[in-house]
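Participant: Let's see this in three dimensions:
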Amino acid sequence: MSMMRTFIGFSLLATLSCHAETGVQWDTSTVNQLALRCDGAEVWRLCFDPAASTKPYFDPVCVAGGPSLTWARPPDHVWHYGLWFSWKYINGLNYWEEQAGKSQGETFWSAPTLETRADGSAVIAFALGYRPSATNGPVLKEQRSIRVSAPGADGAYHMDWTQVFTAGDQPVTLDRTPLMGEPNGQSWGGYAGLSVRLAKTFTGVESVASTVGRIPRDAANRLDATAAAAEQNGLVDGKPYGVALLAHPANPRAPGDWYPIENPDAPFYYLNAAFLLKSAFVMKPRETLTLRYRVCVHPGRWNAEALRQAAARYAEGP
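Facilitator: You can find the predicted model right below:
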């Protein structure tokens, strides 16, 4: 199996690797981006230009041969980046929302290492840091690996995220907007971490959690759940698609908490692996925290049983 290993911090002009049998092409022609194309149509695109966004992100994210299932920078929340990771508060500073294109705290990263294969699979490795400002050293460091599978015959694939966070010389408090019932709590509190903002073209969206099935919306259009996996699915151009997030059972606070939003009036369809949903997490100096998730992009609607099976496969290993 052929493999291309590149360090990308600049535009690689006319760099397309096409596998004749599968119709897979790797596109690195846009500065600080990597895209997978299948038979000429984009499957996913990774954007990692620090001059253009405050976090690395995937958008579009499509089932191979299908429409985009994500929405980066919607006008209601321009800091939503399709499929992306962001902490909310680190030591009291906001790393989530943006004002004039900047967050209060800064997420920074070096150019990733990219390994691309002729079958459409890839391994992406980042070194990231979190600091109060560009003049400060990082209070938290992260090593991030994303292993993307090749698309299957039905266009489905998955992304395995492994994130290892290391605190600096001082304690680190990872926190979120408090929930109702807590001091200064809000009905929309609790989110932080790996997130997906679904495309505005979705209709008939449903959210399900693997251990409890369909979760009815509350008054704030939220569907908080504790489960090994959750997904949002619906119709785009009359065809069903879904994006599922699976938490690895080795994660702290397993099986996992989920923060979906389902508001068709906006439209606002969102799913978050809400590691901090119920409480903050405090790291001691130089302590590490490892989080692992699988993102499944697939045609059709997965029900609770399909999610349980997917979560079991993920727990068993590759």
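Participant: List the buried residues for stretch 80-95?
Facilitator: Counting neighbours by 16 or more other Cβ atoms under 10 Å, one finds that the buried residues in stretch 80-95 are 80-90, 93-95. C-beta here means a position set from N, CA and C on the backbone, and glycine is covered the same way.
Participant: Save those as a markdown table, and put in pLDDT, secondary structure and distance to residue 240 too.
Facilitator: Written out in a markdown table, the entries for the buried residues of stretch 80-95 read as follows (pLDDT from 0 to 100; DSSP: H, G, I helix; E, B strand; the rest coil; distance: Cβ to Cβ, whole Å):
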| residue | pLDDT | secondary structure | distance to residue 240 |
| --- | --- | --- | --- |
| 80 | 98 | coil | 23 |
| 81 | 98 | strand | 25 |
| 82 | 98 | coil | 20 |
| 83 | 99 | strand | 19 |
| 84 | 98 | strand | 24 |
| 85 | 98 | strand | 27 |
| 86 | 98 | strand | 29 |
| 87 | 98 | coil | 33 |
| 88 | 98 | coil | 32 |
| 89 | 98 | strand | 37 |
| 90 | 98 | strand | 38 |
| 93 | 98 | strand | 41 |
| 94 | 98 | strand | 36 |
| 95 | 98 | coil | 35 |
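Participant: Closest one to residue 210 out of these, please.
Facilitator: If you rank these by distance to residue 210 using Cβ to Cβ, residue 83 comes first, at 19.6 Å.
Participant: check contacts around that closest one.
Facilitator: Listed by Cβ atoms under 8 Å, 6 or more residues apart in numbering, the contact partners of residue 83 are 57, 58, 59, 61, 70, 195, 196, 197, 243, 295.
Participant: Alpha carbons only: can I get the helix or strand harbouring the third one in CSV?
Facilitator: Residue 59 is part of strand 57-61, with elements assigned from DSSP states H and E. Listed next in CSV are the C-alpha coordinates belonging to strand 57-61 (Å, rounded to 0.1, in the frame of the first residue of the first chain):
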residue,chain,number,x,y,z
TYR,A,57,-11.3,21.9,11.8
PHE,A,58,-13.0,19.6,9.2
ASP,A,59,-15.4,21.1,6.7
PRO,A,60,-17.0,19.8,4.6
VAL,A,61,-17.5,16.4,6.0
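Participant: pretty sure residue 305 is in a helix, no?
Facilitator: Yes: counting by DSSP: H, G, I helix; E, B strand; the rest coil, residue 305 is part of a helix.
Participant: what about it, neighbour count?
Facilitator: As a burial measure, residue 305 scores 11 neighbours (other Cβ atoms under 10 Å).
Participant: if I look at it, how far off is residue 229?
Facilitator: Look at residue 305 and residue 229: by Cβ to Cβ, to the nearest Å, they are 11 Å apart.
Participant: before we move on, what about residue 122?
Facilitator: For residue 122, the distance to residue 229 under the criterion Cβ to Cβ works out to 23 Å.
Participant: go on, residue 171?
Facilitator: 31 Å.
Participant: More neighbours: those two, which one.
Facilitator: Neighbour count, other Cβ under 10 Å: between residue 171 and residue 229, residue 229 has more, with 30 against 13.
Participant: who touches that one in this structure?
Facilitator: With contacts defined as Cβ under 8 Å, 6+ apart, residue 229 is in contact with 209, 210, 244, 245, 246, 247, 256, 307, 308, 310, 311.
Participant: could you redo those residues as JSON lines and give each row distance to residue 50 and neighbour count?
Facilitator: JSON lines is the format used below for the contacts of residue 229 (distance: Cβ to Cβ, whole Å; neighbours: other Cβ atoms under 10 Å):
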{"residue": "209", "distance to residue 50": "35", "neighbour count": "24"}
{"residue": "210", "distance to residue 50": "36", "neighbour count": "28"}
{"residue": "244", "distance to residue 50": "29", "neighbour count": "25"}
{"residue": "245", "distance to residue 50": "26", "neighbour count": "25"}
{"residue": "246", "distance to residue 50": "29", "neighbour count": "28"}
{"residue": "247", "distance to residue 50": "28", "neighbour count": "27"}
{"residue": "256", "distance to residue 50": "30", "neighbour count": "27"}
{"residue": "307", "distance to residue 50": "35", "neighbour count": "25"}
{"residue": "308", "distance to residue 50": "39", "neighbour count": "16"}
{"residue": "310", "distance to residue 50": "34", "neighbour count": "21"}
{"residue": "311", "distance to residue 50": "34", "neighbour count": "25"}
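Participant: mind listing which of the residues you listed are in strands?
Facilitator: Here DSSP state E is the test, and these give 209, 244, 245, 246, 247 as lying in strands.
Participant: Which one of the residues you listed is nearest to residue 109?
Facilitator: For residue 109, the closest of the ones in strands among the contacts of residue 229 turns out to be residue 245, at 21.9 Å, with distances computed as Cβ to Cβ.
Participant: Next, the contact list for the closest one, please.
Facilitator: Going by Cβ under 8 Å, 6+ apart, residue 245 touches 194, 196, 229, 230, 231, 258, 271, 273, 293, 294, 295, 296.
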